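In: Need coordinates for the following:
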Amino acid sequence: MIMVTGANGQLASLTLQELAERRTPALGGTRSPAGGQRRLDFDDTTSLDLTGVSVLVLVSAGYAEDDRVIARHQAALDAAVRDGVSHVVYTSLTGDGDHLGFALAHRATEQLIKASGLGWTVLRNGLYAELFGALLTWTDDGVESAFGAGALAAVARADLAAAAAVVAGDPAAHAGRTYDLVGEPITAAGVAGSLGVAHRTLALEEYRARLLADDTLLPFQPPMLASIATGVRHGFLGTTGPDLARLLGRPLTDPLTVATHTAAMMRREAV
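Out: Okay, here's the model as predicted:
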């Protein structure tokens, strides 16, 4: 049996949908289970029951500070070893993202997985095209961002979910492999052009100040988002690669279309 953690999240739910479409039996694990899901709360080790699970798709529990994220992942791996899981598929971060503010927890988790004795595959996911579109801010004159003229090798979340389903469905074929799953480069100006509006570049100082003033963000989020902005702006996140298309056996979903759609939705929601 395959279990996908974080089952109510966007990436995990799409992965479960992909597995279902492939007629591959799979179970969702989440802290708030419904509809046949299993309760799985990384902060409550008594809930970590992986009995009967052969392949664990460990979707990063990255919505926290590094120490908490790593502790959660360690707890999941300890349960996997205890309960006889044979293979872990981990959704990590693209190699280009080593400088990002949230990279450490991913790299630490990769090390924990490799030291666990479990079979493993690491999916180093690129940043979502949906995220890129959502980080563009609407103004009366168009959109603005701190991305400058930099490009992001953005990838549609659905493509990453499909790749996770491919690997989880045949883990032996991907054992001991690390895949860098990135898309095609897109720019903020390109998204703005698709929207038919202008793009204005914010200074990083102004962007960080806005983030710090936003009381809806958790303390770890402003530096995380600022690191994405400067990474894109200065050309560190635009590298392409063949791994994702090879895993999927088809062309990638156009990230510009996805980012444009997301940005358009953000505008409608703001009205």
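
In: Show me the shaky parts of the stretch 51-200 of the chain.
Out: Nowhere does the stretch 51-200 of the chain drop to pLDDT under 70.

In: CA atoms of stretch 144-158 as PDB?
Out: C-alpha atoms of stretch 144-158 as PDB (Å, rounded to 0.1, in the frame of the first residue of the first chain):
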ATOM      1  CA  GLU A 144       4.600  44.500  -9.500                       C
ATOM      2  CA  SER A 145       7.200  42.200  -8.000                       C
ATOM      3  CA  ALA A 146      10.700  42.000  -6.700                       C
ATOM      4  CA  PHE A 147      11.700  39.400  -9.400                       C
ATOM      5  CA  GLY A 148      13.100  42.000 -11.700                       C
ATOM      6  CA  ALA A 149      14.100  40.600 -15.100                       C
ATOM      7  CA  GLY A 150      15.000  37.200 -13.600                       C
ATOM      8  CA  ALA A 151      13.600  33.900 -14.700                       C
ATOM      9  CA  LEU A 152      12.200  31.000 -12.700                       C
ATOM     10  CA  ALA A 153      12.200  27.500 -14.100                       C
ATOM     11  CA  ALA A 154       8.700  27.200 -12.800                       C
ATOM     12  CA  VAL A 155       6.700  23.900 -12.800                       C
ATOM     13  CA  ALA A 156       3.000  23.200 -12.600                       C
ATOM     14  CA  ARG A 157       2.000  21.500  -9.300                       C
ATOM     15  CA  ALA A 158       0.100  18.900 -11.200                       C
END
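
In: Could you give me the buried positions within that stretch?
Out: Neighbour counts over stretch 144-158 (16 or more other CB atoms under 10 Å) mark 144-148, 150-158 as buried. In short, each C-beta sits where N, CA and C put it, glycine included.

In: Show me those that map onto helices.
Out: Within the buried residues of stretch 144-158, residues falling in helices by DSSP state H are 157-158.

In: Dump the buried residues of stretch 144-158 to TSV, plus distance to residue 15.
Out: Output for those, formatted as TSV (distance: CB to CB, whole Å):
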residue	distance to residue 15
144	33
145	29
146	31
147	28
148	33
150	29
151	27
152	22
153	21
154	19
155	14
156	13
157	10
158	10
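
In: just the buried residues of stretch 144-158 now: which is nearest residue 59?
Out: Minimum distance to residue 59 across these is 11.5 Å, recorded for residue 157 (CB to CB).

In: Was I right to think the closest one contacts residue 10?
Out: Yes. Using CB atoms under 8 Å, residue 157 makes contact with residue 10 at a distance of 6.0 Å.

In: re earlier: among the buried residues of stretch 144-158, name the ones in strands.
Out: Under the assignment DSSP state E, the buried residues of stretch 144-158 contribute 144-145, 151-154 to strands.

In: show me where the stretch 151-271 of the chain has helices.
Out: Using DSSP state H, counting those that start in this stretch, the helices of the stretch 151-271 of the chain run over residues 157-169, 188-195, 204-213, 221-233, 243-248, 255-270.

In: Using a markdown table, lay out these together with distance to residue 68.
Out: Below are these laid out as a markdown table (distance: least, CB to CB, whole Å):
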| stretch | distance to residue 68 |
| --- | --- |
| helix 157-169 | 23 |
| helix 188-195 | 32 |
| helix 204-213 | 21 |
| helix 221-233 | 14 |
| helix 243-248 | 29 |
| helix 255-270 | 28 |
